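[1] Provide a 3D model corresponding to the input given below.
(chains A, B, C, D, E and F)
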Number of protein chains: 6
Amino acid sequence: MRLLIVNPNISTSVSELIEKEARRVASPQVEINVVTAPFGVAYIETRAEAAVGGYATLTALAEHYSDYDAAIVAAFGDPGLLAAREILPIPVMGMTESALMTASMLGGKISIVAISRRIRTWYEETVARYGMSSRLASIRCLENSLRNIATIQDDHGEQLITLCKQAVEEDGADVIIIAGAPLAGLARTVADRIPVPLVDGVSCAVRQAEAIVGINTRSSQAGSYAPPPDKPVAGLSPALMALIGRQPL
Amino acid sequence: MRLLIVNPNISTSVSELIEKEARRVASPQVEINVVTAPFGVAYIETRAEAAVGGYATLTALAEHYSDYDAAIVAAFGDPGLLAAREILPIPVMGMTESALMTASMLGGKISIVAISRRIRTWYEETVARYGMSSRLASIRCLENSLRNIATIQDDHGEQLITLCKQAVEEDGADVIIIAGAPLAGLARTVADRIPVPLVDGVSCAVRQAEAIVGINTRSSQAGSYAPPPDKPVAGLSPALMALIGRQPL
Amino acid sequence: MRLLIVNPNISTSVSELIEKEARRVASPQVEINVVTAPFGVAYIETRAEAAVGGYATLTALAEHYSDYDAAIVAAFGDPGLLAAREILPIPVMGMTESALMTASMLGGKISIVAISRRIRTWYEETVARYGMSSRLASIRCLENSLRNIATIQDDHGEQLITLCKQAVEEDGADVIIIAGAPLAGLARTVADRIPVPLVDGVSCAVRQAEAIVGINTRSSQAGSYAPPPDKPVAGLSPALMALIGRQPL
Amino acid sequence: MRLLIVNPNISTSVSELIEKEARRVASPQVEINVVTAPFGVAYIETRAEAAVGGYATLTALAEHYSDYDAAIVAAFGDPGLLAAREILPIPVMGMTESALMTASMLGGKISIVAISRRIRTWYEETVARYGMSSRLASIRCLENSLRNIATIQDDHGEQLITLCKQAVEEDGADVIIIAGAPLAGLARTVADRIPVPLVDGVSCAVRQAEAIVGINTRSSQAGSYAPPPDKPVAGLSPALMALIGRQPL
Amino acid sequence: MRLLIVNPNISTSVSELIEKEARRVASPQVEINVVTAPFGVAYIETRAEAAVGGYATLTALAEHYSDYDAAIVAAFGDPGLLAAREILPIPVMGMTESALMTASMLGGKISIVAISRRIRTWYEETVARYGMSSRLASIRCLENSLRNIATIQDDHGEQLITLCKQAVEEDGADVIIIAGAPLAGLARTVADRIPVPLVDGVSCAVRQAEAIVGINTRSSQAGSYAPPPDKPVAGLSPALMALIGRQPL
Amino acid sequence: MRLLIVNPNISTSVSELIEKEARRVASPQVEINVVTAPFGVAYIETRAEAAVGGYATLTALAEHYSDYDAAIVAAFGDPGLLAAREILPIPVMGMTESALMTASMLGGKISIVAISRRIRTWYEETVARYGMSSRLASIRCLENSLRNIATIQDDHGEQLITLCKQAVEEDGADVIIIAGAPLAGLARTVADRIPVPLVDGVSCAVRQAEAIVGINTRSSQAGSYAPPPDKPVAGLSPALMALIGRQPL
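    Got it, this is the predicted structure:
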């Protein structure tokens, strides 16, 4: 099984983190390739940044997907995920979606621990988009501004553990999602200090991609995830143009 | 008052329809300029097309907004609207949002009449994003495939009237939204054949832009619509780069 | 355009505040007349008071509406609004409804700042009646008892600003509604001290009345806002009797 | 135990129906008195009529309550119920509320069978006001116009039975509420022709009044059902004035 | 009228408390018999304990129901209630359901005061199962571990009163439910120290059973509460086997 | 990895179907053992049958779990699943839950195709229990009575395909769940006749069990899925007693 992971952001240091964690959790037979967005921002916290990251993700997926059995959008918040699912003939997974669905099978109420205050609304809206708001106990976040996206786990490790404990004791979380690609791997390293199951987006997305490929369903030819109707299109990359519209205007 | 209208799609014939209807409904002192998306599809029906249209909208708004008092995203479904609202210092209105909020003050249950079956899910998800699903009576749509986006009103006029009547009689609609820029003006021309109030997205967005400018609130400096935090960015148009991130990577 | 504003309460000092703020925000061509309820209470905080105010509003509207293009129910909580919308052939606006719909186009989560603790449930139930509870961040209120309904802004100005700041910082409000006719004008005078958009009910209702009249829809002849079926009626004012039933018993 | 029943409408023929059914279902020790609204309409179908009926109900309750242990608002839709509950020191029951709460203990999904199409929205909004919309399977209604409010059961008996059967077979109702004071007693007479439990508003309200009086709780002195704060009031009946405000303006 | 009460737990001391309170609140003509679960736990706090208690309840009800007019499942959380309602030809009431429906007719927002922190989720899920979550103000609970289930009221009386006051002042409760069979009677003894109506599960269930029997509806022969279809069954008690399936495998 | 599958019903023919499909979909290294409920009914359609099946499931799991890495409750509707998750130290999966979470990653709106009309409410309530009702497009079911639970796929194959097509065309399903252990394998055999992804409960549960074991989270020691507090217990099987309570009464 060949798995394509797209980092919707331009941070190659985060791509390296994602790749390392993905390889650690994947089954032995899974081949993994990580691609970094060709344009965009360092990390997404807002709706505008997500719109940019979503478009960058579609562009990167269109360019690379054809050699793979499944793909992962590797930013929490899943920019471009549902759009990609419409146009690609292979399964496409998201970090938030995979983590939510996995967490739902480990407990009832779910808390998300996040890297910044500003990012919370984007996460809330993502959870709502999947119809899962009733499962959300809380979104807890670091309050200080970030020095360096590549060293959050070292700079803020104890604070993140405190947020997890507060989620359990004050918010009633049965399970916790460690959110954000820059936190990939943290769920594993701090698991024994938190009394409830911890999951992270990268490992859930990789394992869910394996599960979906294993179940081996067909792709949509009807419903709202079927490929879009043919129509004039202009100004996109040739690969994306081939997926979205077919007749240049 | 100067008003910028961005058509998120590449159809200049639809831009002309929008401009004509906007000028008709606007107060005399409003100056209007319509800009067509620099890239994208002919008309949006899917999530993938909306992701493209949203990014095209941000690009066009960033390029042109600085001479205007308010802006309108002129495709039903409001691609890029909430992202644009974050980054622009002027009010930004959407056709769906404006029509929903206006319709809410004219009746209880609202039906939307749309141009194609495939477009329904996108509209449903847009209504849900605004928290307005409980007000929705139905989304009724043309079932036949469209011959020409520029002549829908002529080609399918009677069918659209039938859909409106069914919305009232079978779905309990108190008010109807005629959706989609290609239908701009239809609400006005068929109003006397439908027994409930009819509104359309273009006229609502123009009048709501006037209302918001008249109320004269400040722009957000806090909350989830404040400008994004400064961060590295790469590969966007200079105008969009100036709004979203400030330090090139 | 001629605009009728009904104060559902018996406080003429509040009617004066409303009139002053309405004239300030209205477009130059709008003629405004404010009518005070012929019976009722000084200001509404409870369901029972709202029932009285709603009936007083219907009575006053029936008496005066025929010379106007639109009407406003000028107490936050909108007593009698939906009933009036059924029976009058002109658009009828409410302070809460107009403020909610306007605020929805300025941000995501909305907080309401109110004059007393007891009034909160009435406001909550009003927001729920419009299907907008999911947009509500919080209702913050003055805790002390009011000395004088006419001088709240002077007596409690700094407290009200503190409530606004708490709504932003603690409740995640993207936009704030200053509620209650006795607070008309406050949104404008304190705007530069609060980092998010502020709106108030009077200015929103006036501008929304202009927007709705500008869009020029027909009145309902079907659906749940059509005029009531003919039936025996007794004991109402002649004007109200003419609108609600037609055959005296 | 002494029980006051107020018919919020002016139809004395309906008051007689209510009284007959109430006496039939009540325990032997319950004394019942039925009062007809001093003003209003023949029967309520709309929000405007409900606003009138609610005010008439408050006026009648204020006049008569002091000799009773509990009161019932005897129109389906419960006009004025929550307002009355705030200001009266005795329990006040509604037909819709009592029927919904009773039906909830007999099955899962509940259908309501009603006398006219126009009345459906009012009932839907009433159910929503109690937070019970998720329990509602359907509201089925007579489609023909009513000849005479006093003879509905004779004129439309078979149609009403058909509506009940459709509610079970097509809408999945586990229990059915026969709505509207003019249908009082029908649930009992047709019970053996419908395969699920049937309840009606009058009998539920009477038995629930007995239950509440039997449990013997205190009245509210805090929360949103405590008596309103003291404030100026003008133009109400002396009895209502005494309950709502205390200082004449 | 003959009333069967089943304690789903094995604590005979709690059965005695239940019986005492049931007899106190019941009308004189009601004969009451309390049966203790033949197997299970001392008191239910978790989903697993509720599954055990539910099965024990079905077994006990099947054994004893045939001599009674109605039955009560006497543990807050109502283990087995909806299952019992399907298979028994007599009305079956639950403590939570009865208390919620009764409380709903006494105020708007409802708080529940409970005996342990762990029990809260079970209660929350029970309230949600009845579609009543929107009425819930809070669930407040004792935080200390319980010494003895039979002496909670003596050991923790003042703490319970404090929880009630916090529910009113901080959570906006209009009415409070004292939850849990071990607290039977507390609502009555502390009523004059709490400013809102207090109800408890035992007294509500007894009075609601009387109300339902008084209304005299038929049992379900259709819908989701009709008796289950005939099918093979094995290994249950003969009485339960007779109710659930008819052909031994 | 060793996987325990419990059939909550007494039908050994269905256990064989489950085992065959589980082995087909599982990764090569997974060892599978299927256990049939020691008591209960042939197949579950009602709340009462689910209560029996849930208790039988807990009993069987307690007896066998200690040699396994994960367990599956193999009846659609997941009887006893959440209870088992509390008390077992290994992951426990359910057919409905696994299918819903998997389907959510393949499309937006989900339809369930089921074996009988009576079973629909149980499925609806199960979906609601997981907070997923907003994702449900419809539950379609066979209307005829079943001849033989072991031969449904042969007896009703074409009807089931018709139900799938109706779910897509009339209900807007993006993905379909073939529900019920007696239908295990059908999703695979008819996949090429349905234009959207099809999943079934057995294959989803097996693959999700693999995913969860692969992610390797810890079990709950806090929150509402931690093991229950120690308390007196009586009359359960020794294995279940050891998991639920520890001190025999």
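
[2] nearest spatial neighbour of the residue nearest the centre of chain A, skipping sequence neighbours?
    For chain A, A:Met95 is the residue whose C-alpha lies nearest the centre (C-alpha atoms, centre = their mean; 2.5 Å). For A:Met95, ignoring the flanking residues on the chain, the nearest one in space by C-beta to C-beta, 6 or more residues apart in numbering or on different chains is A:Gly201 at 2.9 Å. No exception for glycine: its C-beta is placed from N, CA and C like everyone else's.

[3] Can you give me every residue that contacts the residue nearest to the centre of chain A?
    A:Met95 makes contact with A:72-78, A:179, A:181, A:201-202, A:204-205 under the criterion C-beta atoms under 8 Å, 6 or more residues apart in numbering or on different chains.

[4] report the longest helix in chain A, please.
    helix A:152-171 (DSSP state H).

[5] Tell me, how many residues neighbour the residue lying closest to A:Lys165 once chain neighbours are set aside?
    Leaving out its chain neighbours, the residue that sits closest to A:Lys165 by C-beta to C-beta, 6+ apart is A:Ile194, at 6.8 Å. Neighbour count for A:Ile194, taken as other C-beta atoms under 10 Å in any protein chain shown: 21.

[6] For A:Val6, what is the enclosing helix or strand?
    If you go by DSSP states H and E, A:Val6 is part of strand A:2-7.

[7] Give me the helices and strands touching that strand, please.
    Contacts defined by 3 or more C-beta pairs under 8 Å, 6 or more residues apart in numbering or on different chains; DSSP states H and E place strand A:2-7 against helix A:12-25, strand A:31-36, helix A:47-64, strand A:70-73.

[8] so where's chain A uncertain?
    Residue ranges of chain A with pLDDT under 70: A:246-249.

[9] who's in contact with whichever residue of chain A sits closest to chain E?
    Sorted by distance to chain E under C-beta to the nearest C-beta, the residues of chain A start with A:Gly108, at 6.8 Å. Shown in contact with A:Gly108 (C-beta under 8 Å, 6+ apart): A:Arg135, A:Asp174, E:Thr121, F:Leu82, F:Gly223, F:Ser224, F:Tyr225.

[10] In a markdown table, list those along with neighbour count.
    Listed next are these as a markdown table, based on neighbours: other C-beta atoms under 10 Å in any protein chain shown:
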| residue | neighbour count |
| --- | --- |
| A:Arg135 | 20 |
| A:Asp174 | 26 |
| E:Thr121 | 20 |
| F:Leu82 | 25 |
| F:Gly223 | 26 |
| F:Ser224 | 26 |
| F:Tyr225 | 24 |
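
[11] which parts of chain A sit against chain C?
    A:Arg120, A:Thr121 (C-beta under 8 Å from any C-beta of the partner chain).

[12] Please parse chain A into its domains.
    A:2-95+A:205-248, A:97-200 (automatic domain parsing).

[13] And A:Ala181, how far from A:Val14?
    Note on A:Ala181: its distance to A:Val14, by C-beta to C-beta, to the nearest Å, is 5 Å.

[14] Now do the shared contacts for these two.
    Joint contacts of A:Ala181 and A:Val14 (C-beta under 8 Å, 6+ apart) are A:Asn7, A:Tyr43.

[15] picking up where we left off before, closest one to D:Gly157 out of the contacts of A:Gly108, please.
    Using C-beta to C-beta, F:Leu82 comes nearest to D:Gly157 of these, at 47.1 Å.

[16] I'd assumed that closest one was in a strand, is it?
    No: per DSSP: H, G, I helix; E, B strand; the rest coil, F:Leu82 lies outside any strand segment and is helix.

[17] Spatially, what comes nearest to it if we skip its sequence neighbours?
    Using C-beta to C-beta, 6+ apart, the closest residue to F:Leu82 is E:Arg47 (4.8 Å).

[18] which residues touch the one you found?
    Remark: with contacts taken as C-beta under 8 Å, 6+ apart, E:Arg47 is in contact with E:Trp122, E:Glu125, F:Leu82, F:Ala83, F:Glu86, F:Ser224.

[19] Please report how far A:Ala226 lies from B:Leu142.
    Between A:Ala226 and B:Leu142 the distance, using C-beta to C-beta, works out to 18 Å.

[20] do the same with A:Asp200
    45 Å.

[21] next one: A:Gly180
    43 Å.

[22] Who has more neighbours out of those two?
    Ranked by neighbour count (other C-beta under 10 Å), A:Gly180 and B:Leu142 place A:Gly180 first, with 30 against 18.

[23] I'd say the more buried one and A:Trp122 touch.
    No: contact criterion C-beta atoms under 8 Å: A:Gly180 and A:Trp122 do not qualify, at 10.8 Å.

[24] Checking A:Arg118 next. Helix, strand or coil?
    Judged by three-state DSSP, the three-state class of A:Arg118 is coil.

[25] Quick check on A:Ile139: phi, psi?
    phi -120, psi 110 (degrees, to the nearest 10).

[26] Can you name the residues that contact it?
    Contacts of A:Ile139 by C-beta under 8 Å, 6+ apart are A:Ser111, A:Ile112, A:Val113, A:Ala114, A:Arg120, A:Tyr123, A:Glu124.

[27] name the helices or strands packed onto the strand or helix carrying the second one?
    Meaning A:Ile112. Using DSSP H and E, A:Ile112 sits in strand A:110-114. If contacts are counted by 3+ C-beta pairs under 8 Å, 6+ apart, strand A:110-114 sits against helix A:95-104, helix A:120-129, strand A:136-141, helix A:152-171, strand A:175-178.

[28] Compare those and give me the one nearest B:Glu21.
    Comparing those by C-beta to C-beta, helix A:120-129 comes nearest, at 31.2 Å.
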